[in-house]
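K.L.:
Okay, sequence plus prediction incoming.
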Amino acid sequence: MKIIWRISYTVLTTFCLLGLTGASGPASRTKDVEIRIGIVQRFGDQPTEALQLEPTKGDRLRLKFQDGSSQQTLVTTKPVKLEVLMQAMPAAVVKERVVLGTFRTYETAEDSAQKWRDRGIEVEIAQPERWQVWAKREVYNTPLLRRLLLQSVQAAGQNTAFVDTQVLQKVPRVTWQVDGKRFSPDNLEISSDKNLIRVNESKKPEKARLYAGRMKVQPNAYGDYTLVNEVLLETYLRGVVPYEIGATAPMPAMEAQAVLARTYALRNLHRFAIDGYQLCADTHCQVYYGLSGVTPNTDRAIATTRGMVLTYKNQLVDALYSSTTGGVTASFSDVWNGDDRPYLQPIIDAPSHDIWNLSGQNLADENQFQQFISLKQGFNESQRDLFRWRRETSLKEITKGLQKFLKVKNSPYAKFKTIREMKVVERSKSGRILKLDVKTDIGTFSLYKDEVRSAFIAPISTLFYLQPLNKGNSELWGYAFVGGGLGHGVGLSQVGAQNLAKLGWSSPKILQFYYPGTKTQILGNGIAQTN
């Protein structure tokens, strides 16, 4: 299914941070957009959890909620502590959902969801812990319908689908107290006069984080609650850029990161539709920690690029980026299922492409790949520790991790006891593992693409090869994972961008290098998002 979301904002002159830096032009006249970020996604899944919301000095909190049939608003200058009360149910309640698949990333879950829709099955994407595709609960709303669906998909060979059944005798309720009176509404809106709120998830005052905008406590799809920050996009970026690329990065790299972070956010506002917000605050989306880590340099990069997004044929790009590519970027389909993006293709991550010729030295070939991994100099990331790595792991540890991974996926191979052999059987042009076979005492199973990072603890990317280790014995002891890079390796390398900036490259040139054929445009009429 293709969804076109057209962005058409009235262009207004706004007095903002950009104006304070002396910058001007079209970017300074774009209207800001409010977005909703789940900063504490599953509050209440542990009965001892607590959150403290605090006003800044001289400010006050405004608490708005429904109390019975009336709407109430309370104002306080004191911190408000949100706690979890496990409320007993009058009678046990059975809660069920059909889980059609469990995945490491949203991208893979999204592709799976589309395949189910193509088969006429209505689904929704959830993240109770790992990403999952559920049969839509509103449609499959009886035990009979759920079991008929399960029988149907299992008969078609989908053996990892299952019905997740929970018998609830207690449910979490959020509770809080003001002026000696306790409240426990399902929805609570929190604002302040200064539009600033501190959130403390620990008992240490120094751990509190400052956020702009409003907060909302609301139920989610998993039976607990989410603390949602409603904040303007440009302000949100102030809490992303310092944590994604760092406050000491060269300015062109910061500017490139700001454009990508803005583009990524706008293109991914549908991710948490099941839970009633849009983005998360961790690496499943973009790291976002509010205003506590803002710096003049990162603010300047955001202000200078205000309203700027990266596009391909007038559509927002899939603005994927990672920490370290290991010397070569990956195609979208090297890591996830789904159609490739023309602007996300393998490129040698070096100032000069003379170091390796991908067209003549294809990294899908195992010998070529191992030769490539042995190279350490001349790349954008050569001076960083995670550019190349080697990690040795015993069969015992590998077995433990694989069994846990397979159990989560509801795989019948979770019952294996012994690993006899592991082998990479297929690589992509960029060298990423597409298929890895594991031979066990009960048969051979395969791991595909990004599953590999979930299944093993040692590798931090899929750009590696396996080296069997005996440790002086006749029997196999374990394996060395020998590879490079950190993360998926698709799109911009945050480490590589910093090196290019130090070499004098501008932010547009850096973005063109990692996303060939794209344009940097001011957000406005006609720019479309496609999913």
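P.N.:
Everything's here; your move.

K.L.:
buried sites along stretch 338-345?
P.N.:
Residues G338, R341, Y343, L344, Q345 are the ones in stretch 338-345 that count as buried (16 or more other Cβ atoms under 10 Å). In short, each C-beta sits where N, CA and C put it, glycine included.

K.L.:
try stretch 56-65
P.N.:
By neighbour count with 16+ other Cβ under 10 Å, stretch 56-65 contains the buried residues D59, L61, R62, L63, K64, F65.

K.L.:
Rebuild these as CSV, extending it with pLDDT, distance to N141 and secondary structure.
P.N.:
Compiled in CSV, those are given as follows (pLDDT from 0 to 100; distance: Cβ to Cβ, whole Å; DSSP: H, G, I helix; E, B strand; the rest coil):
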residue, pLDDT, distance to N141, secondary structure
D59, 97, 45, coil
L61, 97, 39, strand
R62, 97, 38, strand
L63, 96, 34, strand
K64, 96, 32, strand
F65, 93, 29, strand
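
K.L.:
right, and out of these, which lies closest to F464?
P.N.:
F464 lies nearest to L61 out of the buried residues of stretch 56-65, by Cβ to Cβ, at 49.7 Å.

K.L.:
what about V482, is that helix, strand or coil?
P.N.:
Following DSSP: H, G, I helix; E, B strand; the rest coil, the label given to V482 is strand.

K.L.:
Let me know how buried it is, in neighbour terms.
P.N.:
19 (other Cβ atoms under 10 Å).

K.L.:
Could you pull up the residues touching it?
P.N.:
Contacts for V482 (Cβ atoms under 8 Å, 6 or more residues apart in numbering) come out as Q370, I373, W389, R390, F464, Y465, L466, Q467.

K.L.:
didn't the fifth one look like it was pressed against R432?
P.N.:
No - contact between F464 and R432 fails when scored by Cβ atoms under 8 Å: they sit 9.3 Å apart.

K.L.:
my read: A258 touches Y236, true?
P.N.:
No - if you go by Cβ under 8 Å, A258 and Y236 don't touch, sitting 11.2 Å apart.

K.L.:
so which of the contacts of V482 would you say is closest to I274?
P.N.:
Scanning the contacts of V482 for proximity to I274, where the rule is Cβ to Cβ, the winner is F464, at 34.2 Å.

K.L.:
Longest helix in the protein, please.
P.N.:
Identified as the longest helix of the chain according to DSSP state H is helix 251-267.

K.L.:
buried stuff in that one?
P.N.:
252-267.

K.L.:
which of the contacts of V482 tops the neighbour count?
P.N.:
The most crowded member of the contacts of V482, judged by other Cβ under 10 Å, is F464 (29 neighbours).

K.L.:
On the strand side of things, show who the closest residue to that one other than its chain neighbours bridges to.
P.N.:
What sits nearest to F464 in space, not counting adjacent residues and going by Cβ to Cβ, 6 or more residues apart in numbering, is G483, at 2.6 Å. Note on G483: beta-bridge partners by DSSP bridges are W389, F464.

K.L.:
any idea how far G483 is from Y288?
P.N.:
Distance, G483 to Y288, by Cβ to Cβ, to the nearest Å: 29 Å.

K.L.:
Check P143 too.
P.N.:
40 Å.

K.L.:
now N141
P.N.:
Remark: distance between N141 and Y288 (Cβ to Cβ) = 35 Å.

K.L.:
Mind checking which of those two has more residues around it?
P.N.:
Ranked by neighbour count (other Cβ under 10 Å), N141 and Y288 place Y288 first, with 26 against 12.

K.L.:
What residue, apart from its backbone neighbours, is nearest the more buried one spatially?
P.N.:
With sequence-adjacent residues excluded and distances taken as Cβ to Cβ, 6+ apart, Y288 is closest to A281, at 4.2 Å.

K.L.:
want to throw the contacts of V482 into CSV with pLDDT and distance to K407?
P.N.:
Converted to CSV, the contacts of V482 look like this (pLDDT from 0 to 100; distance: Cβ to Cβ, whole Å):
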residue, pLDDT, distance to K407
Q370, 98, 33
I373, 98, 32
W389, 97, 28
R390, 97, 28
F464, 98, 24
Y465, 98, 27
L466, 98, 23
Q467, 97, 27
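
K.L.:
now, which of the residues you listed sits nearest A156?
P.N.:
Nearest to A156 among the contacts of V482: L466, at 33.2 Å, using Cβ to Cβ.

K.L.:
Tell me which helix or strand comes right after the lowest-mean-pLDDT helix or strand in the chain.
P.N.:
Scoring the helices and strands of the chain by mean pLDDT, DSSP states H and E places helix 17-20 at the bottom, with a mean of 34. Later in the chain than helix 17-20, the nearest helix or strand by DSSP states H and E is strand 34-43.

K.L.:
Output the contacting helices and strands for that following strand.
P.N.:
Secondary-structure packing of strand 34-43 (3 or more Cβ pairs under 8 Å, 6 or more residues apart in numbering; DSSP states H and E): strand 225-232, helix 233-238, strand 279-280.

K.L.:
Show me the one of those that comes nearest I190.
P.N.:
strand 225-232 (9.1 Å).

K.L.:
list the buried ones in the closest one?
P.N.:
In terms of neighbour count (16+ other Cβ under 10 Å), strand 225-232 has its buried residues at Y225, T226, L227, V228, N229, E230, V231, L232.

K.L.:
Beta-bridge partners for the third one, please?
P.N.:
According to DSSP bridges, the residues that bridge with L227 are V40, V217.

K.L.:
any low-confidence regions in this structure?
P.N.:
The model of the chain has pLDDT under 70 over residues 1-30, 525, 529-531.

K.L.:
what residue lies at the spatial centre of it?
P.N.:
Ranked by distance to the mean C-alpha position of the chain (Cα atoms, centre = their mean), the top residue is H284 at 1.4 Å.
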